[in-house]
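Colleague: Here you go, sequence then predicted model.
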Amino acid sequence: MGKIIKVRAQDAEVGAYEKAYLPEITKGIGITLRHVVKNLFGGDEKYTRTVSYPEEKVEYPVRFRGAHRLTPREDGAPRCVACFMCSTACPARCINIVAEESDDPNIEKRPKVFEIDELKCIFCGMCVEACPEDAIRMDTGEHVKPFTNRADAVYGKVDLLSMLGRTEKNGEQPVYRGAHEHRARQAPQHSPEGTLPVQDEQPEDAH
Amino acid sequence: MPKLNIDGQDIEVPAGENLVLAARRIGVEVPVFCYHEKLSIAANCRMCLVEIEKMPKLQPACQTVATDNMIVKTSSPKVIEARAAVMEFLLVNHPLDCPICDKAGECMLQDNYMGHDGKSSRQQDTKTAKPRLEVLGPLVNYNAERCIMCTRCVRFMDEIPKNTQLGVFGRGDRNVIGVFDGKPLDDPYSLNVVELCPVGALGSLDFRFESRVWSLDKTNSVCDGCSKGCNTETHSKKEHVYRMIPRRNDSVNDTWMCDEGRLSYHAHEEQRAEEPLTDGKRASDATALSAALGVLANAVKEKGNGWGVFISPTLTNEGAFAWLSYVKANMAQAKVYFSGRADGVGDQLLRRADKNPNRAGIKAIAEALGIPVGTYTDGITAKPLRVVMLGTETPDDRISSIVNAAQASLVIGAHLTQAFKGAKVALLSGTVFESDGSFVNEDGRVQRVRPCHGVKFAGKSYADWAVMLSQGLDKAVGAKTFAWANTESVFADLANAVKGFSGMRLLGLGLHGKALGSGRATESPSHQQASSPVGA
């Protein structure tokens, strides 16, 4: 057992001046008044600003973790390969994925269902860190939109794909990094019914 | 009994034991890929290399028999370097597509990399491209890029089902595992190669992309597909069973299991009855219950005279004991018959023609209670007009038609079969994945069935025995009642009443079960090796 050290909290020393009450209060109110006057009549020296939200918006910092989105491949399909890394990493367990076979034999696996329950989400960004394909990002710079029933808070694959990141919004070409870029080479055509490819059909780079 | 020294510890091992097993005795795990205890030794992966004094080169531990005065080092610098080199070679052409590989999480390549290599790849050339989705048979697919050519699958097919359907084709880095022209991998034991595969090369088409393995809850249970009673690990998640894989039990199934048993969970889920029925229509729990009590009250009043009781050998021992006790006490003149699944295909290895998991257990219980149980074909002339049926898995049309034609019928079961739909009253019980209890396999081994994690009783259903008490069916007018608090207490009464079970406790059955009649003798923990994953 560790030793228990008892510490007694000590109040700040209060002298006769502080006990007189009024001088200290006057000082405090004085500071407040100074700010009020400066910001009301200060002209160029105004430093607080009120915006007329929602017509006028303040842009969030670049690293702000906003609503999630799924990033697209060139053909518009999600880059996601349904590896479940995000849902495994998610501490709030808000990501629901159902995987299916992809039409493209070089991709193999893709999400049939990809849902994020934004009500459960704690916006920690672990899903983004876990993703090996750069398929999920929180770079929309937007809040999750308000909703009136719980079902609306579950964003599906289409909702998540339809959102744009800051780069796209600024009209720039986004750069994605993912594991499958390394797999860009074509696999040999798989032969149906389990027959084996004849040796001659092996690609040239098989050596 | 050779005496040798492994990593500084002197041990004595049985003659003929290899160094992997010898090292395991002192808690040293030698990493392996191609070695499997139940298969012949190929020694081709070279992962198990160990240093043996006075031998010039490192030796594969799996192929080296422990001999007297051997001094073995399993973690000398030389061995550690060799293992890392082997791992590097195995990974040279490995695609590292773990994110989309169904083996990830139970992959020996991942485990051994973390344990014995841990370095980044130095491979700079393009990796060999090979077919990624080769369909070898109705249930198995093959990804040649992931394969490390350990030949476990080939050896399995040669040695266990003795049906050579797989072979190694090609040489060098072009070699692949494959089937012979026009002969798909359709053996009834084909799915065993999926667990055997130490990497993700062979995959089950049934489980493909269904779930990641680490998110599944594992339950040690028993397959109810036939009377063999193979030990299983049932993997479930959120109320659904995703797969059943074999669990090692050297007294029953070694480390194997048939495809039919592995896929049997589909039928349970598809046929699951979820609501009680009266006259084939959905009924509220209260309506169905009062109707059932009416049927039982008549049966008790007539002391079972003219009543037929069909008992399914898919019931657990506890269910059978509870209901047979009820029949004995309240409906003594009723005739009891076996219903249950029809016979299927059997073979010498694991599959048995009797597709019911607990015929042996119910026979023993019925014998002890003095109730003769016949099969329905045993020269029955008069059809029973009033029927109580326990367990609904009965594809036998004759039994279904008797139940459907009966003046009064009470059916208790988990499956929406013809008999369940046609009964006057049908109440719900639990499936093998939901209930706790025990089965006796054809060799007389009492084995525990455990409810799967997360799989809840559908609707208002209970375990076979608990239907009686939880629903209050024992309170039918004039019936003798029973008082059991839980499955253990039913089993305790069963152990007192039935000779073969004496001395056993449900919780004392352990992972590997106990032979009938061995109650007290084997109360100590089983000597068998603790249940380990099949791949190990």
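Modeller: That came through fine.
Colleague: any idea which helix or strand carries the closest residue to B:I6 other than its chain neighbours?
Modeller: For B:I6, ignoring the flanking residues on the chain, the nearest one in space by C-beta to C-beta, 6 or more residues apart in numbering or on different chains is B:V72 at 4.6 Å. Heads up, the C-betas are built off the backbone N, CA and C, glycines and all. Assigning secondary structure by DSSP states H and E places B:V72 in strand B:71-73.
Colleague: Check which helices and strands the helix or strand following that strand sits against.
Modeller: Using DSSP H and E, the helix or strand that follows strand B:71-73 towards the C-terminus is helix B:77-92. Packing partners of helix B:77-92 (3 or more C-beta pairs under 8 Å, 6 or more residues apart in numbering or on different chains; DSSP states H and E): strand B:49-52, helix B:108-116.
Colleague: Which of these sits closest to chain A?
Modeller: Set against chain A and scored by C-beta to the nearest C-beta, these come closest in helix B:108-116, at 13.9 Å.
Colleague: ok, residue 28 - how many residues close by?
Modeller: As the question left the chain open, I've gone with chain A. 9 (other C-beta atoms under 10 Å in any protein chain shown).
Colleague: Let me rephrase: I mean chain B.
Modeller: 18.
Colleague: Spell out for me which residue occupies the centre of chain A.
Modeller: A:M138 (2.5 Å; C-alpha atoms, centre = their mean).
Colleague: Looking at the stretch 51-200 of chain B, which residue is nearest chain A?
Modeller: B:P99 (3.3 Å).
Colleague: and that residue, what does it touch?
Modeller: For B:P99, the contact set (C-beta atoms under 8 Å, 6 or more residues apart in numbering or on different chains) comprises A:V81, A:C83, A:M85, A:P132, A:E133, A:A179.
Colleague: Going by distance to chain B, which of those residues wins?
Modeller: The closest of the contacts of B:P99 to chain B turns out to be A:C83 (C-beta to the nearest C-beta; 3.3 Å).
Colleague: Can you report phi and psi for the closest residue to A:L164 other than its chain neighbours?
Modeller: Excluding the flanking residues, the one nearest A:L164 by C-beta to C-beta, 6+ apart is A:T140, at 6.9 Å. As for A:T140, its main-chain torsions (degrees, to the nearest 10) stand at phi -70, psi -20.
Colleague: My guess is A:T140 contacts A:S162. True?
Modeller: No: judged on C-beta atoms under 8 Å, A:T140 makes no contact with A:S162 at a distance of 10.5 Å.
Colleague: More neighbours: these two, which one.
Modeller: Just comparing A:T140 and A:S162: by other C-beta under 10 Å the higher neighbour count belongs to A:T140, 21 against 12.
Colleague: For the residue nearest to A:R150 when sequence neighbours are not counted, pull up the helix or strand it's in.
Modeller: With sequence-adjacent residues excluded and distances taken as C-beta to C-beta, 6+ apart, A:R150 is closest to A:L119, at 6.4 Å. According to DSSP H and E, A:L119 maps onto no helix or strand at all.
Colleague: Now do the contacts for A:L119.
Modeller: A:C94, A:R150, A:A153, A:V154.
Colleague: Quick check: the farthest pair among those?
Modeller: A:C94 and A:R150 (12.4 Å; C-beta to C-beta).
Colleague: Comparing those two, which residue is more hemmed in?
Modeller: A:C94 (21 against 9).
Colleague: Next one: that one from chain B, what distance?
Modeller: 15 Å (C-beta to the nearest C-beta, to the nearest Å).
Colleague: B:V345 touches B:K355, doesn't it?
Modeller: No: using C-beta under 8 Å, B:V345 is not in contact with B:K355; the gap is 9.1 Å.
Colleague: So for those two, which residue has more residues nearby?
Modeller: Set side by side, B:V345 and B:K355 show more neighbours around B:K355, with 25 against 12, by other C-beta under 10 Å.
Colleague: roughly how far apart are the residue nearest to the centre of chain A and A:F123?
Modeller: 7 Å (C-beta to C-beta, to the nearest Å).
Colleague: Now do the shared contacts for these two.
Modeller: A:R65.
Colleague: The nearest residue to B:N496 once chain neighbours are set aside: neighbour count?
Modeller: Nearest residue to B:N496 in three dimensions, chain neighbours excluded: B:S502, at 7.1 Å (C-beta to C-beta, 6+ apart). When neighbours are defined as other C-beta under 10 Å, B:S502 has 14 of them.
Colleague: repeat for B:L21
Modeller: 18.
Colleague: Okay, now the unreliable bits of chain A?
Modeller: A:1, A:179-207 (pLDDT under 70).
Colleague: dump the residue contacts of the residue nearest to the centre of chain A.
Modeller: Contacts of A:M138 (C-beta under 8 Å, 6+ apart): A:R65, A:G66, A:A67, A:H68, A:R69, A:F123, A:G125, A:V128.
Colleague: What of B:G344?
Modeller: B:C226, B:E260, B:R351, B:A353, B:K355.
Colleague: how about it, secondary structure?
Modeller: coil (DSSP: H, G, I helix; E, B strand; the rest coil).
Colleague: how much space between it and B:S264?
Modeller: 11 Å.
Colleague: in the stretch 201-350 of chain B, which spans are strands?
Modeller: B:202-204, B:217-222, B:231-237, B:240-246, B:277-278, B:281-282, B:307-311, B:335-338 (DSSP state E, counting those that start in this stretch).
Colleague: which one of those lies closest to B:Q165?
Modeller: Among the strands of the stretch 201-350 of chain B, strand B:202-204 sits nearest to B:Q165 (C-beta to C-beta), with 12.5 Å.
Colleague: From the chain's centre, how far out is that closest one? Work that out for me.
Modeller: Its chain's average C-alpha position is 18 Å from that of strand B:202-204, according to C-alpha atoms, centre = their mean, to the nearest Å.
Colleague: picking that back up, so which of the helices and strands packed on helix B:77-92 is the most surrounded?
Modeller: Across these, averaging neighbours per residue (mean count of other C-beta atoms under 10 Å in any protein chain shown) puts strand B:49-52 on top, at a mean of 22.
Colleague: And the contacts of the biggest strand by length in chain A?
Modeller: Criterion DSSP state E: the longest strand present in chain A is strand A:109-117. Contact partners of strand A:109-117, identified using C-beta under 8 Å, 6+ apart, comprise A:68, A:70, A:77-78, A:80-83, A:94-102, A:153-157, A:160, B:100, B:209.
Colleague: Quick one: distance of stretch B:256-266 to the chain centre.
Modeller: 8 Å.
Colleague: Could you check that stretch and say which residues are buried?
Modeller: B:W256, B:M257, B:C258, B:D259, B:E260, B:G261, B:R262, B:L263, B:S264, B:Y265 (16 or more other C-beta atoms under 10 Å in any protein chain shown).
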